[in-house]
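Student: Dropping the sequence and predicted coords here.
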Amino acid sequence: MFHAASPRLADVSRTLIITNDFPPRAGGIETFVHELALRRPPGSVVVYCSSPSPVDAAQDPHFDLRQPFPVVRDSARVLLPTPRVARRARVIAQMEECDSVLYGAAAPLGLLAPALPVERQVALTHGHEAWWASIPGPRETLRRIGDTVDTVTHLGAYTRRRLSRALSAGAVQRMQRLHPGVDTARFRPGVGGDQVRAQYRLGERPVVVCVSRLVARKGQDTLIRAWPRVLADVPDAVLLVVGDGPDARRLRSAARGVDSVLFSGPVSTQRLPSFYDAGDVFAMPCRTRRGGLEVEGLGMVYLEASAAGLPVVAGDSGGAPDAVLDGETGVVVDGSLPGPTARALIGLLRDPTRAAQMGARGREWVSREWTWERSAERLAALLEPEQASSP
């Protein structure tokens, strides 16, 4: 269903966002694309996206109607760069008078670029494209996309380096950094941590909190393996593992019999900041798996934790170190081994002054460099060619 076109704003690009990653489905990419769309000028955005699953749709059946921009849902659950999708995207772009396109994820939808008669095309990447850049076939697809869009974005130094292996020299020269932001009004000290501590009867005990999907590469198992060593030096410490995922049963089994390892299960988006606020230290010692095919693209949880005023212990996988000022906002460790993680946690738990200084430095850094407003400004510079900055 088409909404009526919004009034055209002078000197502002009207942008068609084409994406498979959009709420009401929850996820990091979905949040990234949605927050960028919300921060574009009124009347300058139309979204063309896939249909949500029945479960996601039931969670928020009126989501599309509440948005301040038109949302056009395709009947397909997954948009692919087929001739049919290309035709529909072209019709939407023409009807809505769009002069730019933003791809929610570069691969594979960036392959639509040659079919769309617009002035400017920007393709977002999120970290998983590092896998595409490593495999013949997908690597050539990324190269084609890079050669037909105006800009392929990257999250940081690591993802730029990995993507550069697949892109042509010209596409690499046109790359620009664009990363998600953190809502520092939501993620901050004093937003409900006391209630979480009361819920889990933590009192004044030192708490290490890990917020993440429960999958092998995130490193919750490394935390559990490191925990006996932490308890030897900080016997009243608690590890609070927040989230859910396919590894939940395995992790609970590994922690069986250790009363100081607690699992929250799934936590709503609304309550998430309070779980960060309940901690004294944040830790997610992520690691690279499967010969470099499974890596951390950036690690927004580190930045959310920093915004909440916590020092962070991060794994050295992929782009995770880009989200930490090592030695200033936290510590980067080898996430495949429990020893470095245990030593980093013990050092922070036994030196609250140093931990507080790192937390304060982290909040200052995130508030300056990692806000959604800053990300929106960077996107504006990419969509309006006369404002585009140099690589």
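Tutor: All right, it came through fine.
Student: In this structure D247 contacts S212, no?
Tutor: No: because the distance of 10.4 Å does not satisfy CB atoms under 8 Å, D247 is recorded as not touching S212. In short, each C-beta sits where N, CA and C put it, glycine included.
Student: Of these two, give the one with the bigger neighbour count.
Tutor: Of the pair D247 and S212, S212 is the one with more neighbours under other CB atoms under 10 Å, namely 20 against 17.
Student: quick one: the more buried one and G243, what's the gap?
Tutor: 5 Å (CB to CB, to the nearest Å).
Student: Likewise for P206?
Tutor: When distance is defined by CB to CB, P206 is 21 Å away from G243.
Student: repeat for A381
Tutor: According to CB to CB, A381 and G243 sit 35 Å apart.
Student: Pick out whichever of these two has more residues nearby.
Tutor: Just comparing A381 and G243: by other CB under 10 Å the higher neighbour count belongs to G243, 21 against 16.
Student: backbone phi and psi for that one, please?
Tutor: Note on G243: its backbone torsions stand at phi 130, psi -180 [degrees, to the nearest 10].
Student: Report pLDDT for it.
Tutor: In the predicted model, G243 carries a pLDDT score of 92.
Student: Spell out which residues are contacts of both of D247 and S212.
Tutor: Counting by CB atoms under 8 Å, 6 or more residues apart in numbering, the common neighbours of D247 and S212 are Q220.
Student: any chance you could map the strands in the stretch 1-150 of the chain?
Tutor: Here the stretch 1-150 of the chain has its strands, by DSSP state E, counting those that start in this stretch, at 15-19, 45-49, 71-73, 100-103, 120-123.
Student: any chance of these in CSV, plus distance to I145 and mean neighbour count?
Tutor: Compiled in CSV, these are given as follows (distance: least, CB to CB, whole Å; neighbours: other CB atoms under 10 Å):
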stretch, distance to I145, mean neighbour count
strand 15-19, 13, 27
strand 45-49, 18, 24
strand 71-73, 22, 18
strand 100-103, 8, 26
strand 120-123, 6, 24
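Student: residue farthest from the centroid of the protein?
Tutor: Ranking residues of the chain by C-alpha distance from their mean position (CA atoms, centre = their mean) puts A232 at the top, at 34.7 Å.
Student: Next, the contact list for D21, please.
Tutor: Shown here is D21, whose contacts under the criterion CB under 8 Å, 6+ apart are G27, I29, E30, F32, V33, C49, G104, A105.
Student: Tell me if I am right that T222 is in a helix.
Tutor: Yes: the assignment for T222, made by DSSP: H, G, I helix; E, B strand; the rest coil, places it in a helix.
Student: Report the contact partners of it.
Tutor: Taking CB under 8 Å, 6+ apart as the contact definition, T222 lies against P285, R287, G315, G335, S336, L337, P338, T341.
Student: Without its sequence neighbours, what residue ends up closest to it?
Tutor: Distance criterion CB to CB, 6 or more residues apart in numbering; nearest residue to T222, sequence neighbours excluded, is P285 at 4.7 Å.
Student: So which of the contacts of T222 sit within helices?
Tutor: Among the contacts of T222, DSSP state H puts P338, T341 in helices.
Student: Of the contacts of T222, which is the most crowded?
Tutor: Neighbours here mean other CB under 10 Å. Within the contacts of T222, the largest count is held by P285, at 32 neighbours.
Student: Just the pLDDT for that one.
Tutor: According to the model's per-residue confidence, P285 sits at a pLDDT of 97.
Student: what do you get for P385?
Tutor: What the model reports as pLDDT for P385 is 61.
Student: Please apply the same query to V333.
Tutor: The per-residue pLDDT reported for V333 equals 97.
Student: correct me, but it touches G315?
Tutor: Yes: in terms of CB under 8 Å, V333 counts as a neighbour of G315; the distance is 6.5 Å.
Student: joint contacts of these two?
Tutor: Taking CB under 8 Å, 6+ apart as the contact criterion, the common neighbours of V333 and G315 are P285.
Student: What about R139, how many residues nearby?
Tutor: When counting by other CB under 10 Å, one arrives at 15 neighbours for R139.
Student: what sits against the nearest residue to it once chain neighbours are set aside?
Tutor: Across the structure, with CB to CB, 6+ apart as the measure, the residue nearest R139 apart from its sequence neighbours is A166 (4.5 Å). A166 is in contact with W132, A133, R139, E140, L142, R143, G146, counting by CB under 8 Å, 6+ apart.
Student: and what of G347?
Tutor: Taking CB under 8 Å, 6+ apart as the definition of contact, the neighbours of G347 are V331, R354.
Student: Flag every buried residue along stretch 22-31.
Tutor: For stretch 22-31, the neighbour count (16 or more other CB atoms under 10 Å) marks F22, P23, P24, R25, G28, I29, E30, T31 as buried.
Student: Same question for stretch 179-188.
Tutor: Within stretch 179-188, the residues that qualify as buried by neighbour count (16+ other CB under 10 Å) are H179, P180, G181, V182, T184, F187, R188.
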